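Visitor: need a 3D model of the sequence below.
(chains A and B)
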Amino acid sequence: DAGVTQSPTHLIKTRGQHVTLRCSPISGHKSVSWYQQVLGQGPQFIFQYYEKEERGRGNFPDRFSARQFPNYSSELNVNALLLGDSALYLCASSPLAGDQQYFGPGTRLTVT
Amino acid sequence: GNSVTQMEGPVTLSEEAFLTINCTYTATGYPSLFWYVQYPGEGLQLLLKATKADDKGSNKGFEATYRKETTSFHLEKGSVQVSDSAVYFCALSYNTDKLIFGTGTRLQVFP
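Guide: All right, here's what the predicted structure looks like:
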């Protein structure tokens, strides 16, 4: 079975631009969560979506938004990029909210 | 607030040495505790977990015991291999999808 997939794998953007990151959960998984992992740090929770509704939000500015589609895939959007947004963005899926999470390989975002 | 503190790395060991990576947590109530591993170029993988006090999680020779009295969840392995070289993250959760991670500890095992 395919695991969690994320696209793109790498991305370079300029300050002030907008970016969209995509995540496809494991087949049958209805919950998707997003994390930001800055180099040398542990992942920080950004959002959780379950059945297309936002179930949780971390301490991130309104420049960060997300959504989940009817097929349970998800997008993370970041507006007005800052240098500090450079990080590995991880997506995780689980069958139901509260179940074990399975992580994708991440998207490496570099803001210059 | 809730938080996880891990020992700083890197931890450098020879093959077959004993491994301990310390993890302590600050939390109210009774969170579940986890160890995740991140191999180079790969995503996070769940290594083991414990959901209540005195539970022992184990997998692939790694073990960790949920110690409520010392708020700790130290990771141990009796004999490490080169293939264990990775970054190890301790985390807690209240059975939601919000995992709270420590900063990670890099383990380097040399032959």
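
Visitor: can you pull out the strands in chain B?
Guide: Using DSSP state E, the strands of chain B run over B:3-6, B:11-14, B:19-21, B:23-26, B:32-38, B:44-50, B:56-59, B:62-65, B:75-77, B:86-93, B:100-101, B:105-110.

Visitor: what mean pLDDT does the fifth one get?
Guide: Pointing back at strand B:32-38 there. Strand B:32-38 carries an average pLDDT of 95.

Visitor: surely B:Ser72 meets B:Thr26?
Guide: No - in this structure, B:Ser72 is not within contact of B:Thr26 by CB atoms under 8 Å, at 11.3 Å. In this view, the C-beta of every residue, glycine as well, is placed from N, C-alpha and C.

Visitor: more crowded one of the two?
Guide: For B:Ser72 versus B:Thr26, neighbours defined as other CB atoms under 10 Å in any protein chain shown are more numerous around B:Ser72 (17 against 12).

Visitor: beta-bridge partners for the nearest residue to that one once chain neighbours are set aside, please?
Guide: Nearest residue to B:Ser72 in three dimensions, chain neighbours excluded: B:Thr24, at 5.0 Å (CB to CB, 6 or more residues apart in numbering or on different chains). Assessed by DSSP bridges, B:Thr24 has beta-bridge partners B:Thr5, B:Ser72.

Visitor: B:Thr24: how many residues sit nearby?
Guide: As a burial measure, B:Thr24 scores 17 neighbours (other CB under 10 Å).

Visitor: tell me if I'm right that it and B:Thr71 touch.
Guide: Yes - using CB under 8 Å, B:Thr24 is in contact with B:Thr71, at 5.5 Å.

Visitor: show me what contacts B:Leu47?
Guide: B:Leu47 is in contact with B:Phe34, B:Trp35, B:Tyr36, B:Val37, B:Asn59, B:Lys60, B:Phe62, B:Leu75, B:Tyr88, counting by CB atoms under 8 Å, 6 or more residues apart in numbering or on different chains.

Visitor: try it again at 10 Å.
Guide: Neighbour list for B:Leu47: B:34-37, B:57-60, B:62, B:64, B:75, B:86, B:88-89 [criterion: CB atoms under 10 Å, 6 or more residues apart in numbering or on different chains].

Visitor: which of those come close to chain A?
Guide: Restricting the contacts of B:Leu47 to those within reach of chain A (CB under 10 Å from any CB of the partner chain) leaves B:Phe34, B:Tyr36, B:Phe89.

Visitor: what's the burial count for the first one?
Guide: Residues lying near B:Phe34 (other CB under 10 Å) number 27.

Visitor: if we can go back for a sec, if I look at B:Thr24 and B:Thr71, which residues touch both of them?
Guide: B:Thr5.

Visitor: residues near the residue of chain B found nearest chain A, how many?
Guide: Going by CB to the nearest CB, chain A is nearest to B:Phe101 of chain B, at 3.3 Å. A count of nearby residues for B:Phe101, using other CB under 10 Å, gives 23.

Visitor: no further queries at this time; thank you.
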